[in-house]
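Q: structure for the following, please:
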Amino acid sequence: MFSSKIPALVLLASAFTVSAPYATMASAADWTSHYTYQAPQLGASSTHPGYSKIIAKVSPSVVGIVGIPTPEAMAEESSSDDSDDGGYGQDKEGIAFGSGVIIASNGWIVTNAHVIDSMQEGAKVITSEANGQSKTYLVKEIYSDTVSDLALIKINATGLKTASFVSGNQKPEVGEQVIAIGTPLSLSLRNSATSGIISGVNRAVDASYSLLQTDAAINPGNSGGPLVNMDGKVIGINTMKYEALGVDNLGFTIPADTVEYIIDQLYEYGEVRRASIGVQLQESEDALIGMPTNDAMTVTEVRSAAAKKAGIKEGDVLYSINGKRVHTTVELNELLKAYAPGQTVKLMMQSGGDIVSRTLKLTQAQPEDLIDSSQADEEASPEQ
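A: Numbers count the residues shown, from 1 in each chain. Model prediction:
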């Protein structure tokens, strides 16, 4: 867990369940004809066209999202110790706002779940002036996944300019230059750009999946906006930062491969159908504090009938899944992105002092199966 000396890790807009019911999604053909992840061209020049040209390229695909806060969001705002620093993604008039990225020309937009979930029904999207003329659209459909902090929303529009994402198998590198674009602090500042580098990768901080760390300024309202590389491609969706006196430029971004995984699931099912091994696991003490470790995780609860049928018991130790070692719950969640409920995997475990192999049918995960118990720290509280 985070110690009391570590600053609060905050989301940059409210994280609450959306009140409007999910709408019926469009056909798969409608989605796939507009939405693609584009791999960068290999062998291209290592030089880039300069920040101004990259920002001009991406800005038309970045939107502001604005709405009336839910009662829960307003209560969180009034009770927050950090409410004076603008960390709630609400302006002085009490309007909630955030950012989003256009991923399909017919109006599909990705943002953070905590952005859209903090707003009452009737939220609006404001397109960039870089499109030629800024326009306002009503959000018509919402698909929100709080576990990943990603959401898919739909507006009735055509001919929108879409952002290009890096290929899911292209991994950002530490030191790589990046640009963040979004709506910090006020709607009047929408499509603001900041620059920096990738400060770290595979960060496990108050999230169910690995995050990228950046020193590009990520401020309240940047949530849901893109982090872009020097090829003008989105490498992730900005989600949270550390916020405290004396702490500078510790922001975090959801990587493109997780964005792709979640959006594809939301589009196909209207929800995320994750695979689970059906047990609760306890990380080692070294893993809990972020130390490098080869220690395995211990089963503290057997939840699914499939796990019980496989012979898994409390106190067993999990070493690997289909030959891939896992040491933390985030590593486990990352590995399980490659599987679907109903598939069968081989677990290497220690049980009663013996190394054993268990054949397990994966079940559909519940939210409590994916949230790392080590993250239940009072210092890490969500903000709007």
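
Q: would you state the strands of the stretch 1-150 of the chain in chain order?
A: Assigned strands in the stretch 1-150 of the chain, in chain order: 8-11, 62-67, 96-104, 108-111, 124-126, 136-145, 150-155 (criterion: DSSP state E, counting those that start in this stretch).

Q: what are the buried residues along the longest one?
A: Read that as strand 136-145. Residues Tyr137, Val139, Glu141, Ile142, Tyr143, Ser144, Asp145 are the ones in strand 136-145 that count as buried (16 or more other CB atoms under 10 Å). C-beta here means a position set from N, CA and C on the backbone, and glycine is covered the same way.

Q: can you list those residues in JSON lines and add distance to Met348?
A: JSON lines is the format used below for the buried residues of strand 136-145 (distance: CB to CB, whole Å):
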{"residue": "Tyr137", "distance to Met348": "51"}
{"residue": "Val139", "distance to Met348": "46"}
{"residue": "Glu141", "distance to Met348": "43"}
{"residue": "Ile142", "distance to Met348": "41"}
{"residue": "Tyr143", "distance to Met348": "36"}
{"residue": "Ser144", "distance to Met348": "36"}
{"residue": "Asp145", "distance to Met348": "30"}
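
Q: what's the closest of those residues to Thr328?
A: Distance to Thr328, by CB to CB, is smallest for Asp145 among those, at 20.8 Å.

Q: so for that closest one, what's the nearest residue that isn't a sequence neighbour?
A: Leaving aside its chain neighbours, Asp145 sits nearest to Val272 (4.9 Å; criterion: CB to CB, 6 or more residues apart in numbering).

Q: my guess is the one you found meets Ser144, correct?
A: No: using CB atoms under 8 Å, Val272 is not in contact with Ser144; the gap is 10.0 Å.

Q: show me how the protein divides into domains.
A: 8-40+50-269, 275-365 (automatic domain parsing).

Q: what about stretch 211-220, distance to the chain center?
A: With CA atoms, centre = their mean, to the nearest Å as the basis, stretch 211-220 stands 13 Å off its chain's centre.

Q: now the end-to-end length of it.
A: Terminal residues of stretch 211-220 lie 18 Å apart, using CA to CA, to the nearest Å.

Q: for stretch 310-320, same thing?
A: 15 Å.

Q: so for it, what's the average pLDDT?
A: Stretch 310-320 shows an average pLDDT of 96 in the prediction.

Q: Ser357 is in contact with Thr310, correct?
A: You called it Thr, but residue 310 is Ala. No: taking CB under 8 Å as the definition, Ala310 is not a contact partner of Ser357, at 10.0 Å.

Q: of those two, which one has the most company?
A: The neighbour count for Ala310 versus Ser357, taken as other CB atoms under 10 Å, is higher for Ala310 (21 against 9).

Q: and that one, how far is that from Ser351?
A: 11 Å (CB to CB, to the nearest Å).

Q: do the same with Val201
A: Counting by CB to CB, the separation of Val201 from Ser351 is 34 Å.

Q: rewinding a little: could you identify which of the domains of the chain is most buried?
A: Mean neighbours per residue, mean count of other CB atoms under 10 Å, is largest over the domains of the chain for domain 8-40+50-269, with a mean of 20.

Q: which residues does Thr359 contact?
A: Ala310, Thr344, Val345, Lys346, Leu347 (CB atoms under 8 Å, 6 or more residues apart in numbering).

Q: just the closest of those residues to Pro292, please.
A: Leu347 (23.3 Å).

Q: got a list of what the closest one touches?
A: If you count contacts by CB under 8 Å, 6+ apart, Leu347 has them with Ile277, Ala310, Ile312, Leu318, Tyr319, Ser320, Ile321, Ser357, Arg358, Thr359, Leu360.

Q: all good on my end, thank you.
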